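# missing the sequence, but the structure's below:
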């Protein structure tokens, strides 16, 4: 958890060229302006090719003549003939503005995951307009990655300014001054028509999408309008693609919308990130927080919810109040009407969560107005769920935020039409055995609507600042998931932000209804909203809030396991990737028990696959498609179990909390995991070997054998051996050792050796993978530390296996098995004793 020793000061939040204090300005002015000769200035300017004299100004009425079309708002936007002019008042010079670029209309036949459909974001920058020398206005981009608020004589604020000059992206000559309005007029036509990264595609995204240079002759300004807090720039942009492998280039035209939004004059008070509660956050370097160095701090993303002035005392007394500015999310007017009520319900479901933070009616869904010509889906003032005619089976809940404070300003939720395809597949394989409505090639609209509602709630949770809580489901006892009374009252996971789709643990005889199958906003979600949004009266800074918030977290965690937050498992991050509690699409506190129930249901579904997917006048491709979904679900179960072995549990704590931060799964749990894999995976799962289906569809058992090999290689990998060795070194009496793992795996994968049984084709392939995994560690090319215990342990195990194979070969009656074992013997012998 991050904290700070000084509050963030308005106007000194960033490391940008903010005006110095008045005393410092006087000191600077008196320092050098009287000592520089005019001719030396002229010579220097000439050398830099900069005019010594400022541009000549024209009368205002000549630049903005009668007949000019003007829209007034954030600042005036004039259109005179084909020229576009910005009239920027002095009061806005130096003010932070956020520029957000979006697709207004996608390009025909251009399909990319991002930057393709209406509403997709293509860029985001913070800018400022500042006056420069010679009647010029500069457009600068602003960074907030490094900060200092200490402008005292010995503070770092001034030094940081000197070392963080912000980039000048464009310079505009002032055409005229409006003395009465105290504003300057600049022409932006050429700049808006240019291929710049401020208004349009972020360069990295553009490169990723394969777009090359803009075609100026086929690009133009559609319209620029000013609104009270923003200016909207609408353009048509045509781009050439980079050459394809065959040398072909293509042309794509987009309608783009760029919003220039004024950031709040009084920034929201930020809240520091706490790893025990799952919020998105922005990290920056604070040069003031540590007098002997720097401190990395993070601010969470959250909307600014505040009571109205007249309700403040009610709020402090614990009464529910309506926030000054509720969160309103509009539904795209082009959304199919039958899905609108479900999407809106998913949004409104969060109202109860905000009541824990003291607010009623804090969030609401509305249909977009159809009779308001000023309303636009691209307008950055409006939060919208945008429905996209896409084959992408997904939905996303991004947010636009104030980089100074983490304040969420608006959201454009991406809802792809084909998300219904993945919802059908999830529900079929996870709930098909217990819900008859899923036993068909298409779900009823009423059921699909409820599935849409759950995904809507999940994505809205992201727009509220919440990140995935993959650890939530691990707090629920598996037996409770089969209790109709318990699960229908509490849900199968405490968080809708979990990746726990549906209750696959429930068995048909449990008679559990939809309330016990579907995810919902749960106890953790309500707590997270309370922690992130409930005000701390009297705390005037994020640092002042920290002790109060820390106490709230400790009390809540002590009150129940359901408030645990488990972050997504991030590859190559030792703090997250090995915690078996934090897994996608797992259920319950015992992966072996839960996966066993899940497999029982998959077997029930597989038996009826041909029947339940049958469609008149169609072939069997639907059955083949859903067979692969069953295999994918089986793969998830195997992953849930395998992750128990060599796991590292990470539970974030502050110094006020007792107990360890890092722990290991119990020895018995890891032993049970390997036993489960030996029984359910490494012993050929013949129930998935559907030969009738294979004869009718493009499916075969290879997808299953691929899972066997993947999990086996994971268990035999050097990093797995290292982690088990670390457990043994920490506490040998409680550890599941690497030697025990290898013993148990060999007993399972090579059980035919002691039973003197023939080895089938699938097992032969698995045993070859086992041997090759050992040999990969022993190979001269293996990049293992010379002081590692991995190599001697694997070498000893390989020798043991070599002798076991040698002993078993003569006793095998099956010639194919003997040939197979002879091959394994020679591979091991060559690897252990290479011939010189």
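Okay, I see it. All figures in this text were calculated on a predicted structure; none of them were measured in a lab.
# quick one: the host helix or strand of residue 628 to chain centroid distance?
Secondary structure from DSSP states H and E places residue 628 in helix 621-642. Taking Cα atoms, centre = their mean, to the nearest Å, one finds the center of helix 621-642 at 24 Å from the center of the full chain.
# cool, stretch 717-734 as well?
32 Å.
# For it, give me every contacting residue.
Outside of stretch 717-734, the residues within contact range by Cβ atoms under 8 Å, 6 or more residues apart in numbering are 578, 645-646, 648, 664, 666-667, 714, 735-738, 741, 773, 777, 782, 784, 788-790, 793-794. Just so you know, the C-beta spots here come from the backbone N, C-alpha and C atoms, and that holds for glycine as well.
# Show me the residues you listed that map onto helices.
667, 714, 738, 741, 773, 777, 790, 793, 794 (DSSP state H).
# I figured the second one hits residue 638, correct?
The one in question is residue 714. No: Residue 714 is beyond contact range of residue 638, at 9.7 Å (criterion: Cβ atoms under 8 Å).
# quick one: which of the two has more around it?
More crowded of residue 714 and residue 638, by other Cβ atoms under 10 Å: residue 638, with 25 against 17.
# Quick check: that one touching residue 709?
No: assessed by Cβ under 8 Å, residue 638 is found out of contact with residue 709, at 11.4 Å.
# residues contacting the closest residue to residue 439 other than its chain neighbours?
Leaving out its chain neighbours, the residue that sits closest to residue 439 by Cβ to Cβ, 6 or more residues apart in numbering is residue 612, at 4.6 Å. Applying Cβ under 8 Å, 6+ apart to residue 612 gives the contacts 428, 432, 439, 440, 441, 605.
# chain center to stretch 170-185: distance?
Using Cα atoms, centre = their mean, the offset of stretch 170-185 from its chain centre is 42 Å.
# who touches stretch 479-491?
Contacts of stretch 479-491 from elsewhere in the structure, counted by Cβ under 8 Å, 6+ apart, are 492, 503, 505-507, 510-513, 515-516, 518-520, 522-523, 587-588, 594, 597.
# So which of those residues belong to helices?
Filtering these for helices - DSSP H - leaves 523, 594, 597.
# Verify the stated contact: the last one with residue 504.
The one in question is residue 597. Yes: counting by Cβ under 8 Å, residue 597 does reach residue 504; the two are 7.2 Å apart.
# circling back: buried subset of the contacts of stretch 479-491 as a PyMOL selection?
Only the buried entries of those go into this PyMOL selection, using 16 or more other Cβ atoms under 10 Å:
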select buried, resi 492+503+505+506+507+510+512+516+518+519+520+522+523+587+588+594+597
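# So which of the contacts of stretch 479-491 belong to strands?
Using DSSP state E, no member of those falls in strands.
# Helices of the stretch 401-550 of the chain, start to end?
Using DSSP state H, counting those that start in this stretch, the helices found in the stretch 401-550 of the chain span residues 419-431, 445-463, 484-490, 523-533, 542-559.
# Rounded mean pLDDT for the last one, please.
For helix 542-559, the mean pLDDT works out to 96.
# Also the longest one?
On average, the pLDDT along helix 445-463 is 97.
# Could you do the shortest one as well?
Helix 484-490 comes out with an average pLDDT of 97.
# Quickly compare the helices of the stretch 401-550 of the chain and say which is most buried.
helix 523-533 (a mean of 24; mean count of other Cβ atoms under 10 Å).
# Against which helices or strands is it packed?
If you count contacts as 3 or more Cβ pairs under 8 Å, 6 or more residues apart in numbering; DSSP states H and E, helix 523-533 packs onto strand 302-303, helix 351-355, helix 542-559.
# How far off centre is it?
Chain-centre distance of helix 523-533: 19 Å, with Cα atoms, centre = their mean.
# Can you give the contact residues for that helix?
271, 274, 277-279, 300, 302-303, 305, 350, 352-354, 356-357, 359, 362, 461, 464-466, 469, 472, 490, 494-497, 549, 552-553, 556, 560, 562-565.
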